[in-house]
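>>> sequence first, predicted model second:
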Amino acid sequence: MIAKLEDLGDVRGKTVLVRTDFNVPMSGPDDDRIIVDDFRIRSALETLNWLTSRGANVVCATHLGRPKGKKVAKYSIAPVRKRLAELAPSVLLLENLRFNEGEEGNDPNFVAKLVDGVDIYVNDAFGAAHRSHASIVGPPKTLPSAAGRLLHRELEVLTELRSNPKRPFVAVLGGSKVSDKLGVIQALMKVVDQLIIGGGMCFSFLAAKNLPIGDSLCELDQLDACRQLLSGDVPIHLPEDIVGLNKSGEFATFGVRLPDGAKGLDIGPGSAAAFADIIMNACSVFWNGPMGMFEDERFAAGTRTVAQAMADTKAFTVVGGGDSAAALAQFRLDKEVDHVSTGGGASLEFLQLGDLPGLVALRGAPNVK
Ligand code: AMP
């Protein structure tokens, strides 16, 4: 069992360490960074307000970027602290956890520092729950612990999808590499009724079917794995037309066979319509990874059509973080799906393995054992 906030008993006067995921996108010069999107900070407010309104003294801790154990001005927590002070004035925020190499190294001395003077630990950082880092797995060893609201909601949604999905259940996968997602594709094949594959990774599947793919992204060492997946029981839908650049670098639409020198950068309009149709007829859909290089408007149409179908379908729709969440936000459709996971890597790992180090740690906390 994983404890919820309600299971913590009276929190009045207690000091509560909340592990949040405030790894927000930033821009600007290294010593004057500006937060581009404060969604992750606002998402934590439900948990923070629950605790402060009951009289707890709340201290948050988060990682920000990848400073690799060193103090780096670019990743200073100061801009996040300023925004948090506006949204939740009584809540404190520690310096970027990853400034200390003990965080990623899961050093017991760093854990001891984190829990010093703390009475209760709350994990609300789903996006970091797949990491065995000090602030994720350390505090629940000694402190009464619980999952925050965000983490709890993520778990409910992903557990339902993994073990009791409404059928037909369709997974839509994209993004650049097969190798990154092979484990999750294999795991999804056990639970989904149909799989749609677009994005850069579709070219390894097309190449595995001996179709010419020109200069498109391809992982030659993954072709056997792709062939094996294609010969499984679950239907895999691949694009039947492709949009990209011809060998002179001009925008072009191709069939499923790409000429020499051509580069596929998005699924074509026919494939996008076919994929949208499958999504419209599904009862549950999980989507992770863009259908093309959507950051370039010329190659955003396939991802936009899939995003619109996610918004329009009556199916229960879950989007697994990262680039697909960014794409949804770019098309202003993020409010139109049932659940946008705050963790790309964590949601994939949970669907694959059914558990995460951060959850194991919460289950082993002294108030639960
Ligand atoms: P990933 O990080 O693996 O989820 O991949 C996301 C990235 O893949 C995005 O930045 C897309 O621009 C890129 N991408 C998607 N489709 C293609 C493609 N056909 N060729 C090259 N890059 C792609």
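Looks like it came in fine.
>>> CA atoms only for the strand or helix carrying residue 244, dumped as CSV, please.
Take DSSP states H and E as the rule and residue 244 turns out to sit in strand 242-245. Output of strand 242-245 as CSV, limited to C-alpha atoms (Å, rounded to 0.1, in the frame of the first residue of the first chain):
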residue,chain,number,x,y,z
ILE,A,242,5.4,10.1,-45.8
VAL,A,243,6.2,13.8,-45.9
GLY,A,244,9.8,15.1,-45.9
LEU,A,245,12.5,16.5,-48.1
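>>> use 585 as the first number for this chain going forward.
New numbering, starting at 585: the last item is strand 826-829.
>>> avg pLDDT for it?
Across strand 826-829, pLDDT averages out at 98.
>>> wait, does that strand contact the ligand?
No. Counting by C-beta under 6 Å from any ligand atom, the ligand has no neighbours in strand 826-829; the shortest distance is 7.2 Å. All C-beta atoms are positioned from the backbone trio N, CA, C, and that covers glycine.
>>> other SSEs contacting that strand?
Contacts defined by 3 or more C-beta pairs under 8 Å, 6 or more residues apart in numbering; DSSP states H and E place strand 826-829 against strand 835-838, strand 847-851.
>>> how about residues contacting stretch 658-678?
606, 608, 610, 614, 617-619, 622, 625-626, 629, 632-633, 636, 641-646, 648-651, 679-680, 682-683, 698 (C-beta atoms under 8 Å, 6 or more residues apart in numbering).
>>> just the buried residues of those.
Neighbour counting over these (16 or more other C-beta atoms under 10 Å) leaves 606, 608, 610, 617, 619, 622, 625, 629, 632, 636, 641-646, 648-649, 651, 679-680, 682-683, 698 as the buried ones.
>>> re earlier: give me the buried positions along the strand holding residue 828.
Using 16+ other C-beta under 10 Å as the test for burial, strand 826-829 gives 826-829.
>>> ditto for stretch 684-694
For stretch 684-694, burial by neighbour count (16+ other C-beta under 10 Å) applies to 684, 686-688, 690-691, 694.
>>> before we move on, the earlier item: which of the buried ones among the contacts of stretch 658-678 fall in helices?
Among those, the members found in helices (DSSP state H) are 625, 629, 632, 636, 698.
>>> which residues touch the last one?
In this case it means residue 698. With contact set as C-beta under 8 Å, 6+ apart, residue 698 has these partners: 601, 645, 678, 718-719, 722-723.
>>> among those, which two are most distant?
The span of those, defined through C-beta to C-beta, is set by 678 and 722 at 13.7 Å.
>>> more crowded one of the two?
Each of residue 678 and residue 722 has its neighbours counted (other C-beta atoms under 10 Å); residue 722 has more, 25 against 17.
>>> could you pull up phi and psi at the more buried one?
Torsion angles at residue 722 (phi, psi; degrees, to the nearest 10) stand at phi -80, psi -60.
>>> excluding its backbone neighbours, what's nearest it?
Nearest non-adjacent residue to residue 722, counting by C-beta to C-beta, 6 or more residues apart in numbering: residue 695, 3.2 Å away.
>>> pLDDT on the host helix or strand of that neighbour, on average?
According to DSSP H and E, residue 695 maps onto helix 692-699. Mean pLDDT, helix 692-699: 98.
>>> next SSE after the helix or strand containing residue 886?
Secondary structure from DSSP H and E places residue 886 in helix 885-896. Remark: after helix 885-896, the chain's next helix or strand is strand 900-904, criterion DSSP H and E.
>>> that following strand and the ligand in contact?
No. Strand 900-904 does not reach the ligand (C-beta under 6 Å from any ligand atom); its nearest approach is 9.8 Å.
>>> which residues are contacting that strand?
741-742, 745, 749-750, 867-872, 894-895, 909, 912, 921-925, 927-928, 931-932, 935.
>>> state the distance from whichever residue of the stretch 735-884 of the chain sits closest to the ligand to residue 854.
The minimum distance from the stretch 735-884 of the chain to the ligand, using C-beta to the nearest ligand atom, falls at residue 759 (2.7 Å). From residue 759 across to residue 854, the span is 21 Å (C-beta to C-beta, to the nearest Å).
>>> now do residue 701
According to C-beta to C-beta, residue 701 stands 62 Å off from residue 854.
>>> could you do residue 624 as well?
Noted for residue 624: a distance of 37 Å to residue 854, by C-beta to C-beta.
>>> how about the contacts made by the nearest residue to residue 753 once chain neighbours are set aside?
Excluding the flanking residues, the one nearest residue 753 by C-beta to C-beta, 6+ apart is residue 868, at 4.4 Å. Residue 868 makes contact with 745, 749-754, 899-902 under the criterion C-beta under 8 Å, 6+ apart.
>>> tell me which element residue 634 falls in.
Under the criterion of DSSP H and E, residue 634 resides in helix 629-636.
>>> could you list the domains of this structure?
With domains defined by automatic domain parsing, the chain comprises 589-736+939-947, 751-898.
>>> now the end-to-end length of the longest one.
Taking C-alpha to C-alpha, to the nearest Å, the first and last residues of domain 589-736+939-947 lie 14 Å apart.
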